[in-house]
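Peer 1: Model the structure of this input:
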Amino acid sequence: MKNLFFLCLFISTFSIQAQTTYETKENISYYTKKQIKGDNYKADRCVLDIYYPTNKENFATVVWFHGGGLSGGEKEIPQLLKEKGIAVIGVNYRLHPKVTAPTYIEDAAAAVAWAFKNIEDYGGDKSLIFVSGHSAGGYLASMIGLDKKYLKEFDIDANDIAGLIPFSGHTITHFTVRKERGIDGKTPIIDSLAPLFHVRKDAPPLLLITGDREKEMLGRYEENAYMMRMMKVIGHTETTLYEMDGYGHGMTHPAFPLLLNEIERITKMKQK
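Peer 2: Numbering: from 1, shown residues only. The predicted structure follows:
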């Protein structure tokens, strides 16, 4: 009995010692000094925070873009993604009206490129980089993952993204982009600045999540449902859509477990 007690104590002590620890580094520029070229706004906004495990290797990473209609918002490390054995990169990007499209998309691509080029220095696996975000952030995630030209500027193949997981993101042209063109926000447009314009068979796995169709902003669920349909029509076999019944546009809290499940699913698939 005494031996059993000490064995349990040893296991408990080892478990505590082996617990994953985390660190956060803040306000890292994802552009080089040469790329900033004395642009104070670019230097101020184009930064990211990285939250990562310090005693674990080959972990997955989520690049997370905040919402705010492309005209507001601040980088964040979502609380429900902490202490999950993964790294989370919270990104700031330049905002309307100080910049116009496609500048904020270019910033999003630069941040994801930074992750590909640097995550191994923190112990992460660059084949397990997932791109996500809420609302405007979901739009940015979809744009850089589906229109390959943005990441190509940084010598990154968008198909190397492990998974795209936009939360309640526009799949048509964003209403702020339409505003910049003098088009009413309730007038739907699908052009080169719409994720729907870039549906393709060979895209990374795509997990679309929205709020309840009766509580969402405008037709956000229906946009995403059309995206799912067109991705399947074109032959993409890994597009999934979840509708969070009872939740409106701010549906992030119940959706984070879906993101984590998708990371786990794809990680296991890649490790087979």
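
Peer 1: measure residue 41 to residue 81 for me?
Peer 2: Distance, residue 41 to residue 81, by Cβ to Cβ, to the nearest Å: 28 Å. Glycine gets a C-beta too; all of them are placed from N, C-alpha and C.

Peer 1: So for those two, which sits in the more crowded spot?
Peer 2: residue 81 (20 against 12; other Cβ atoms under 10 Å).

Peer 1: For that one, which non-adjacent residue is spatially closest?
Peer 2: Taking Cβ to Cβ, 6 or more residues apart in numbering as the measure, residue 81 lies nearest to residue 88, with 4.9 Å between them; neighbours along the chain are not counted.

Peer 1: Which of the three states applies to that neighbour?
Peer 2: Assigned with DSSP: H, G, I helix; E, B strand; the rest coil, residue 88 falls in the strand class.

Peer 1: shouldn't it be in contact with residue 60?
Peer 2: No: the criterion here is Cβ atoms under 8 Å, and residue 88 misses it with residue 60 at 9.9 Å.

Peer 1: ranges for the helices of the stretch 1-150 of the chain?
Peer 2: For the stretch 1-150 of the chain, applying DSSP state H, counting those that start in this stretch gives helices covering 2-17, 33-36, 40-45, 103-118, 136-146, 149-152.

Peer 1: ok, how many other residues are close to the residue nearest to residue 81?
Peer 2: With other Cβ under 10 Å as criterion, residue 88 counts 23.

Peer 1: swap in the one 10 residues further on?
Peer 2: The local packing count at residue 98 equals 11, with neighbours defined by other Cβ under 10 Å.

Peer 1: Quick check: closest non-adjacent residue to it.
Peer 2: residue 41 (6.0 Å).
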